[in-house]
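Student: Provided below are the primary sequence and the corresponding predicted coordinates.
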Amino acid sequence: MPELPEVETVRRGLLPVMEGQRITQATVNRDGLRWPFPANMAARLSGVRVNALRRRSKYILADLSSDETLLIHLGMSGRMLISGQTFGSFHHDHPAPQKHDHVVFDMEGGARVIFNDARRFGAMDLMPTAGADSHLLLAVLGPEPLGNGFDEAYLQARLRGRNTPIKSALLDQQIIAGLGNIYVCETLFRAGIAPQTKAGALSDGQVAGLIPIIRDVLAEAIEAGGSSLRDYRQADGELGYFQHSFQVYGREGQPCVAPGCDATIGRIVQSGRSSFYCPSCQR
DNA sequence: ATGGGGGCCTGCCGGC
DNA sequence: TGCCGGCAGGCCCCCA
């Protein structure tokens, strides 16, 4: 589902209706998603203010006035749907409840935020804000690709000697946090590196070259409001449009976009995931 | 330690 | 129209 750019887009969409506002009532419609929800989650979320809405990798973190932090993961199909906003004289009414509306936040400003997740691969948890970084799901994550801790020396060190394909290595959240299948495919195309290449076989120059490419791909996707496939929607229900910029993802059998290249985009399966690539441009 | 595969869920799409 | 197989943005867990 949502990779880093989509999660960042969702976070930005939620900011105006959640940050600095109180959750007047949280409604929890099932026991859990991927894992059981923490005890008394609805009560612990009702009546508290959202002091800050942050992102770490593909997780949204809401720091609450109760000194707890709410962790939200969208899994593959999770969406945050917003209603009840007023734009000038236009009021956006709340929609009728939908299948898979698992958690509902009614905000003091009148907005309603609904966590809807058909496949239930998503997750929510609550933890003390003071120890949020040491949460089991967050402590193991590698650096943020758009942050200062992600540089040539780091990535070279992490890939050195690794026998796994570079495709799998870049999907490994412990090496770099936030990339998913789409943006790894697009990154490797731009880098001209075949997805099957062993991570440890890349030259230092090739690894160094990946850094700005990863940053560019992610920044462009955030700028475009993410990518919208079957399940993903921006927080306000609008569609992101980065999917129109895909050069290889989902383009099996179509011509390569590189000038002068007459090859067709191929697809192989690695670790159970589809890798799209140009067999001519990527070596 | 590392790498690969299974499984979790539901929905959608294409083919017959 | 209906059924069935294949596929989907993530990621934990188990096994070799």
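Tutor: Received, thanks. Numbers count the residues shown, from 1 in each chain, chains lettered A, B, ... in the order given.

Student: Quick check on the residue lying closest to A:Arg162 once chain neighbours are set aside: phi, psi?
Tutor: Once flanking residues are discounted, A:Arg162 sits nearest to A:Ala199: 4.0 Å by Cβ to Cβ, 6 or more residues apart in numbering. Using the backbone N, CA and C atoms, a C-beta is placed for each residue, glycine as well. For A:Ala199, the backbone dihedrals (degrees, to the nearest 10) come out as phi -60, psi -40.

Student: Show me which residues of the stretch 101-250 of chain A sit near DNA strand B.
Tutor: Where the stretch 101-250 of chain A comes near DNA strand B, counting by Cβ under 7 Å from any atom of the strand, the residues are A:118-121, A:162-165, A:168, A:199, A:230.

Student: re earlier: contacting residues for the residue nearest to A:Arg162?
Tutor: Residues in contact with A:Ala199 (Cβ atoms under 8 Å, 6 or more residues apart in numbering) are A:159, A:162-166, A:168-169.

Student: ok, 6 Å please
Tutor: Contacts for A:Ala199 (Cβ atoms under 6 Å, 6 or more residues apart in numbering) come out as A:159, A:162, A:164, A:166, A:169.

Student: now A:Met107
Tutor: Going by Cβ under 6 Å, 6+ apart, A:Met107 touches A:17, A:21.

Student: Next one: the residue of the stretch 51-200 of chain A found nearest DNA strand C from A:Ala39, what distance?
Tutor: Per Cβ to the nearest atom of the strand, A:Gly180 is where the stretch 51-200 of chain A lies closest to DNA strand C, at 2.0 Å. Distance of A:Gly180 to A:Ala39, given as Cβ to Cβ, to the nearest Å: 31 Å.

Student: more neighbours, these two?
Tutor: A:Gly180 (20 against 8; other Cβ atoms under 10 Å).

Student: doesn't A:Pro5 make contact with the more buried one?
Tutor: No - applying Cβ atoms under 6 Å as the test, A:Gly180 and A:Pro5 come out as separate, 9.4 Å apart.

Student: I figured A:Gln254 was touching A:Ile265, is that so?
Tutor: Yes - using Cβ under 6 Å, A:Gln254 is in contact with A:Ile265, at 5.4 Å.

Student: With neighbour numbers in mind, choose between the two.
Tutor: Between A:Gln254 and A:Ile265, A:Ile265 has the larger neighbour count (other Cβ under 10 Å), namely 24 against 11.

Student: what about the nearest residue to that one once chain neighbours are set aside, neighbour count?
Tutor: Sequence neighbours aside, A:Arg251 is the residue nearest to A:Ile265 in space, at 4.4 Å (criterion: Cβ to Cβ, 6+ apart). For A:Arg251, the count of nearby residues is 20 (other Cβ under 10 Å).

Student: Can you tell me the SS state at A:Arg251?
Tutor: coil (DSSP: H, G, I helix; E, B strand; the rest coil).

Student: do A:Ala62 as well
Tutor: Quick answer, by three-state DSSP: A:Ala62 is strand.

Student: Give the full set of residues in contact with it.
Tutor: For A:Ala62, counting by Cβ under 6 Å, 6+ apart, the contacting residues are A:50, A:53, A:70.

Student: that older thread, mind checking how far the residue nearest to A:Arg162 is from A:Val184?
Tutor: Look at A:Ala199 and A:Val184: by Cβ to Cβ, they are 12 Å apart.

Student: what does A:Gly84 give?
Tutor: Counting by Cβ to Cβ, the gap from A:Gly84 to A:Val184 is 37 Å.

Student: Neighbour count for those two, which is higher?
Tutor: With neighbours defined as other Cβ under 10 Å, A:Gly84 and A:Val184 compare such that A:Val184 has more, 24 against 17.

Student: Look up how far A:Ser57 lies from the closest residue to A:Asn181 other than its chain neighbours.
Tutor: Residue nearest to A:Asn181 in three dimensions, not counting chain neighbours: A:Arg273, with 5.4 Å by Cβ to Cβ, 6+ apart. Going from A:Arg273 to A:Ser57 by Cβ to Cβ gives 18 Å.
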